[in-house]
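Engineer: Prediction below, plus the sequence it came from.
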Amino acid sequence: MKTAIAFSTLLGSLAAGHTIFQELSVNGVSAGHLAGIRVPDYDGPITDVTSNDVICNGGINPFHQPLSKAVISVPAGATVAAQWHHTLDGAAPGDAADPIDKSHKGPVIAYLAKIPDATQSSVTGLQWFKIWEDGFNPSDQSWGVDRLIANKGKVTFKIPSCIAPGQYLLRHEIIALHAAGSYPGAQLYMECAQLQITGGGSTSPPTVSFPGAYKGSDPGIAINIYQTLTSYKVPGPSVFTC
């Protein structure tokens with residue numbers, strides 16, 4: 001009965017729970033709303049983990065035009081804050097689904113990939129490394145999304161201090177698991193921010209490809225969250241640390 005009630009609840013919120021990563025702050029200073037981020041007009045998810053759309057979105061959900069040409073300067077080792085909201089209008093205190101519907105529980109993840117030109121249109125073939133994740137806490141059954149909601153759509157993490165300077169894409173992602181009992185069901189939300197990382201070192205982290213880093217059979221992609229969980233493995237590689 002508990003599962004049936006939960007499933008009924010999520011059906012009512014499927015259309016309301018979408019979200020977009022749309023602002024980045026560096027050491028407490030915002031780059032500006034929509035500045036330097038490839039954002040779609042539509043706030044819907046990607047569900048096919050084999051699609052090129054899981055790289056930076058922008059396929060099923062075409063990018064907002066004109067696409068920002070800003071490149072955000074970020075010192076290696078800096079603390080950045082990614083801001084998510086339900087629509088491109090930004091924060092909406094009267095919207096119960098802002099920044100995302102509370103039923104859309106799951107992990108929040110950040111990746112980086114070096115790129116010749118952060119504003120170039122092609123993003124296929126890039127090599128990504130995970131720099132941060134907030135998954136599941138079994139002690140209170142809470143998720144990264146719960147903490148994102150509690151912080152009004154903002155999550156903070158550090159850029160590794162040892163990576164080489166240059167232009168990068170920051171791929172920030174939420175995986176909503178409210179309908180992930182079978183594949184395809186998990187909802188992947190992601191956008192990419194265009195960065196110029198300064199300072200740093202010369203470490204080359206191990207990398208993965210998108211698509212390819214996730215499989216539909218991964219236990220972090222296909223999972224019934226309507227039970228008491230003792231653990232959860234966030235999809236993709238381990239978090240890189242210097």
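Structural biologist: It's in. A quick note: this is a predicted structure, and the numbers were derived from the prediction, not measured.

Engineer: Using the three-state scheme, assign the residue most central in space within the chain.
Structural biologist: With distances taken as CA atoms, centre = their mean, Glu173 lies nearest the centre of the chain, 1.0 Å away. Secondary structure, DSSP: H, G, I helix; E, B strand; the rest coil: Glu173 is strand.

Engineer: That one contacts Lys130, doesn't it?
Structural biologist: No. Between Glu173 and Lys130 there is no contact under CB atoms under 8 Å: 9.8 Å. For glycine as for every other residue, the C-beta is placed from the backbone atoms N, C-alpha and C.

Engineer: anything in contact with each of those two?
Structural biologist: 109-111 (CB atoms under 8 Å, 6 or more residues apart in numbering).

Engineer: Now do the same contact list for Gly44.
Structural biologist: Counting by CB under 8 Å, 6+ apart, Gly44 touches 18, 60-61.

Engineer: Tell me the one of these nearest Gly153?
Structural biologist: The closest of the contacts of Gly44 to Gly153 turns out to be His18 (CB to CB; 12.9 Å).

Engineer: one step back: among the shared contacts of Glu173 and Lys130, who's most crowded?
Structural biologist: Counting neighbours by other CB atoms under 10 Å, Tyr111 comes out on top of these with 28 neighbours.

Engineer: which residues does Leu170 bridge with?
Structural biologist: Leu112, Ala193 (DSSP bridges).

Engineer: just the one 4 residues further on next, same as before
Structural biologist: In this structure, Ile174 has the following beta-bridge partners (DSSP bridges): Val108, Tyr189.

Engineer: Which pLDDT value does the model give it?
Structural biologist: pLDDT, Ile174: 98.

Engineer: what does the one 3 residues further on give?
Structural biologist: For Leu177, the model assigns a pLDDT of 98.

Engineer: The one 3 residues further on too?
Structural biologist: You'll see Ala180 listed with a pLDDT of 98.

Engineer: Name all residues that make contact with it.
Structural biologist: Neighbouring residues of Ala180 by CB under 8 Å, 6+ apart: 106, 186, 221-225.

Engineer: hmm, which of the contacts of Gly44 are the buried ones?
Structural biologist: Buried residues within these, counting neighbours by 16 or more other CB atoms under 10 Å: 18, 61.

Engineer: which stretches of this protein form strands?
Structural biologist: 20-26, 29-30, 37-38, 72-75, 79-85, 108-114, 128-134, 136-137, 142-143, 154-158, 166-176, 187-198 (DSSP state E).

Engineer: Buried deepest among those, which one?
Structural biologist: Most buried of these by mean neighbour count (mean count of other CB atoms under 10 Å) is strand 37-38; its value is a mean of 26.

Engineer: For it, which helices and strands make contact with it?
Structural biologist: strand 20-26, strand 187-198 (3 or more CB pairs under 8 Å, 6 or more residues apart in numbering; DSSP states H and E).

Engineer: Rounded mean pLDDT for that strand, please.
Structural biologist: Average pLDDT, strand 37-38: 98.

Engineer: List the contacts of that strand.
Structural biologist: Outside strand 37-38, the residues within contact range by CB under 8 Å, 6+ apart are 21-24, 56-58, 63, 67-68, 191-194.

Engineer: Next, count neighbours for Pro116.
Structural biologist: Neighbour count for Pro116, taken as other CB under 10 Å: 8.

Engineer: per-residue confidence at it?
Structural biologist: The score at Pro116 is 98. That number is its pLDDT.

Engineer: same check, this time on Gly17
Structural biologist: Confidence at Gly17, expressed as pLDDT, is 75.

Engineer: hmm, back to that, and the residue nearest to the centre of the chain, what does it touch?
Structural biologist: 108-111, 188-190.
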